[in-house]
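J.: Need a 3D model of the sequence below.
(one chain, ligands or ions: 2)
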Amino acid sequence: MRAFEAVQYYFDQAAEILELPAAVRETLLMAKREVTVQVTIERDNGELATFVGYRVQHNNSRGPMKGGLRYHHEVNLDEVRSLASLMTWKTAVVDLPYGGAKGGIGVNPRELSLREKERLTRAFVDQLRDVVGPDRDIPAPDMGTDFRVMSWFRHQWEKYHGFNPAVITGKPVEEYGAKGREEATGRGVGILTTKLIGRLGKKAEKCRVAIQGFGNVGSHAAKFLHDAQFPIVAVSDVTGTYYNPEGLNIPDILRYILEHPQGQLSGYSNCEHLPSDALLELEEVEILIPAALGGVITAENVDRIRAPIIIEGANGPLFPLADKLLHERGVIVLPDILANAGGVTVSYFEWVQNRQHYRWSLDRVRRELEHTLVDAFEHVWETSQQHDVSLRTAAFIIAIRRVRRAWELAGR
Ligand SMILES: NC(=O)C1=CN([C@@H]2O[C@H](COP(=O)(O)OP(=O)(O)OC[C@H]3O[C@@H](n4cnc5c(N)ncnc54)[C@H](O)[C@@H]3O)[C@@H](O)[C@H]2O)C=CC1
Ligand SMILES: O=C(O)CCC(=O)C(=O)O
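T.: Ligands and ions are numbered 1, 2, ... in the order given. All right, here's what the predicted structure looks like:
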């Protein structure tokens, strides 16, 4: 199953319950606009290199479209389309005045020098300069991109349109970025994990956690959960799984990745080292947090997943058949469109601050983030009880209702 079909499947589960007419389903599912561009740069050695870039603008019924930019060698139109659609449902679940979009370039960012990455980003903006804008479509970080990429993006866009930092979020704090945006997605994962286990009557100290991916989302989730007394027994990245059944020393690992090139865990030795994929199937893990790629839990490996709770830090880590089988087994899945919504929530706070030329304190950002996520969690939880459905279907029910309402109010 392709990535967009997976989102469509989840959408349809909720649409059935809402008795949404077929024509309305089609309108809400299909992207408004899909842009594919050529991005050519000169490499440091003088050779030309050409890549394909995408921006899919899925829906703007509730406001300007919003969503990250991914630099990864597997980026393709179908994946970007699915991620753009997830953004529409995500912004609606947490009730932000946005629609959904997503973009990316099919490139392995680890094979580019810093200057090549800058040239790539600026060349991408040259192609997208009139497609995005502060009232139209506002990009942000995702896999393979960070605050530096956001800064280059903003400055290149401003060459065409003039000063307006609200064109992109996730910028450096010194350059109109919001305090707390970098940690926001992982922090949100942590806040919601804590909320969920509280609701299930469990104690943090008794819930052993495994986190796949130790980039922006995984590392900040690990920090938050470690501080909240959860034993983190395994973390992984492309270089492997790092495991200690007694609990890893997370502050030590966070120090290690800062001191090592490209923030990778490779060479970290104060624990057992297992293959990358082993993390998903570890025994005696209560909470599994996939926070790397999509489509990692499939019909093929679902029987070997042991954790009774899954928190989707990544976008689309479960394929629908696996999701269905896990639900039947009583596994609780906190879906991506809620679990990782902390990032876009603080992106919204950044956009608001940019438009008001006013800065919030970190304390205010964290308070408002928690408030927004906890509210959304309660609503999703109640809806799942009311309809006797999974948390994912409940989140889609809320999101589809809100998008449909806005679309109807706008008239035709
Ligand atoms: N950055 C953000 O604010 C948000 C990110 N997300 C989602 O979270 C996920 C991770 O994004 P980021 O942390 O930003 O990316 P990142 O680029 O900062 O980190 C990705 C991490 O995944 C690891 N990884 C890649 N392939 C792997 C594999 N096969 N096995 C184990 N680890 C692997 C990488 O080594 C790296 O540690 C993505 O699905 C993204 O769409 C969702 C919401 C917001
Ligand atoms: O911060 C944002 O605007 C979007 C982040 C993102 O791409 C996501 O939530 O998947």
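J.: Can you report how many residues lie near Gly267?
T.: 9 (other CB atoms under 10 Å). (C-beta placed from N, C-alpha, C; glycine too.)
J.: ok but it is inside a strand, no?
T.: No. Assessed with DSSP: H, G, I helix; E, B strand; the rest coil, Gly267 is coil; it does not lie in a strand.
J.: Need phi/psi at it.
T.: When quoted as degrees, to the nearest 10, the phi and psi of Gly267 stand at phi 90, psi -10.
J.: Quick one: mean pLDDT over the strand or helix carrying Glu34.
T.: Under the criterion of DSSP states H and E, Glu34 resides in strand 33-42. Here strand 33-42 scores 98 as its mean pLDDT.
J.: now stretch 339-348
T.: 98.
J.: Please enumerate the strands of the stretch 1-150 of the chain.
T.: 33-42, 48-59, 65-66, 69-72, 100-106, 137-138 (DSSP state E, counting those that start in this stretch).
J.: Tell me the helices and strands packed up against the second one.
T.: Contacts defined by 3 or more CB pairs under 8 Å, 6 or more residues apart in numbering; DSSP states H and E place strand 48-59 against strand 33-42, strand 65-66, helix 77-93, strand 100-106, helix 114-128.
J.: can you rerun that using 7 Å?
T.: strand 33-42, helix 77-93, strand 100-106, helix 114-128 (3 or more CB pairs under 7 Å, 6 or more residues apart in numbering; DSSP states H and E).
J.: Please put the alpha-carbon coordinates of that strand into CSV.
T.: What follows is strand 48-59, C-alpha atoms only, in CSV (Å, rounded to 0.1, in the frame of the first residue of the first chain):
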residue,chain,number,x,y,z
LEU,A,48,26.1,20.0,-11.7
ALA,A,49,23.6,18.0,-9.7
THR,A,50,19.9,17.9,-10.4
PHE,A,51,17.2,16.9,-7.9
VAL,A,52,13.4,16.8,-7.8
GLY,A,53,11.5,19.0,-5.3
TYR,A,54,7.8,19.0,-4.4
ARG,A,55,5.3,21.1,-2.6
VAL,A,56,1.8,19.7,-2.1
GLN,A,57,-0.9,22.1,-0.9
HIS,A,58,-3.6,19.9,0.4
ASN,A,59,-6.3,22.0,1.9
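J.: hmm, who's touching it?
T.: Applying CB atoms under 7 Å, 6 or more residues apart in numbering, the contact partners of strand 48-59 are 28, 31-43, 65, 75, 77, 80-81, 84-85, 87-88, 99-107, 120, 124, 127-128, 131, 137, 403.
J.: As a markdown table, the strands of the stretch 1-150 of the chain with distance to Gly313 would be great.
T.: A markdown table is the format used below for the strands of the stretch 1-150 of the chain (distance: least, CB to CB, whole Å):
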| stretch | distance to Gly313 |
| --- | --- |
| strand 33-42 | 26 |
| strand 48-59 | 21 |
| strand 65-66 | 19 |
| strand 69-72 | 15 |
| strand 100-106 | 17 |
| strand 137-138 | 22 |
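J.: In which helix or strand does the residue in the stretch 251-400 of the chain that ligand 2 sits nearest to reside?
T.: Across the stretch 251-400 of the chain, the shortest distance to ligand 2 (CB to the nearest ligand atom) belongs to Ser347, at 3.3 Å. Assigning secondary structure by DSSP H and E places Ser347 in helix 342-356.
J.: Give the buried residues for the next helix or strand after that helix.
T.: Next along the chain after helix 342-356, taking DSSP H and E as the criterion, comes helix 362-387. Within helix 362-387, the residues that count as buried by 16 or more other CB atoms under 10 Å are 365-366, 368-370, 372-373, 376-377, 379-381, 383-384.
J.: among the residues you listed, which are within reach of ligand 1?
T.: Here nothing survives when the buried residues of helix 362-387 are matched to ligand 1 using CB under 6 Å from any ligand atom.
J.: now for those, which pair is the farthest apart?
T.: Within the buried residues of helix 362-387, Val365 and Ser384 form the most distant pair, 28.5 Å apart (CB to CB).
J.: what about Asp303, how many neighbours?
T.: 11.
J.: and if you look at the one 3 residues further on?
T.: For Arg306, the number of neighbouring residues by other CB under 10 Å comes to 15.
J.: And Glu175, by the same measure?
T.: For Glu175, using other CB under 10 Å, the count is 12.
J.: Pull out the buried positions in stretch 119-126.
T.: Buried residues in stretch 119-126 (16+ other CB under 10 Å): Arg119, Leu120, Thr121, Arg122, Ala123, Phe124, Val125.
J.: List the contacts of that stretch.
T.: 39-42, 51, 53, 105, 107, 112, 149, 152-153, 156-157.
J.: can you check stretch 367-383 too?
T.: Contacts of stretch 367-383 with the rest of the structure, by CB under 7 Å, 6+ apart, involve 93-95, 184, 187-188, 191-192, 195, 199, 338, 341-342, 345-346, 349, 391, 394-395, 397-398.
J.: List only those of the residues you listed flagged as buried.
T.: Buried, going by 16+ other CB under 10 Å: 93-95, 184, 187-188, 191-192, 195, 338, 341-342, 345-346, 349, 391, 394-395, 397-398, out of the contacts of stretch 367-383.
J.: ok, now how distant is the closest residue to ligand 2 within the stretch 51-200 of the chain from ligand 1?
T.: Taking CB to the nearest ligand atom, ligand 2 has its nearest neighbour within the stretch 51-200 of the chain at Gly68, 2.5 Å off. Applying CB to the nearest ligand atom, to the nearest Å, the value for Gly68 to ligand 1 is 6 Å.
J.: which residues does the residue nearest to that residue when sequence neighbours are not counted contact?
T.: Leaving aside its chain neighbours, Gly68 sits nearest to Asp142 (3.0 Å; criterion: CB to CB, 6 or more residues apart in numbering). By CB under 7 Å, 6+ apart, the residues touching Asp142 are Gly68, Leu69, Arg70.
J.: What about those residues, which one has the most neighbours?
T.: Of the contacts of Asp142, with other CB under 10 Å as the count, Leu69 tops at 30 neighbours.
J.: Could you give the bridge partners of it?
T.: Gly103, Pro141 (DSSP bridges).
J.: interface residues of the stretch 151-300 of the chain facing ligand 2?
T.: Thr169, Gly170.
J.: okay, now the domains of this structure?
T.: 34-177, 178-412 (automatic domain parsing).
J.: nearest to Gln8, of the ones you listed?
T.: Taking the domains of the chain one by one with CB to CB, domain 34-177 is closest: 8.0 Å.
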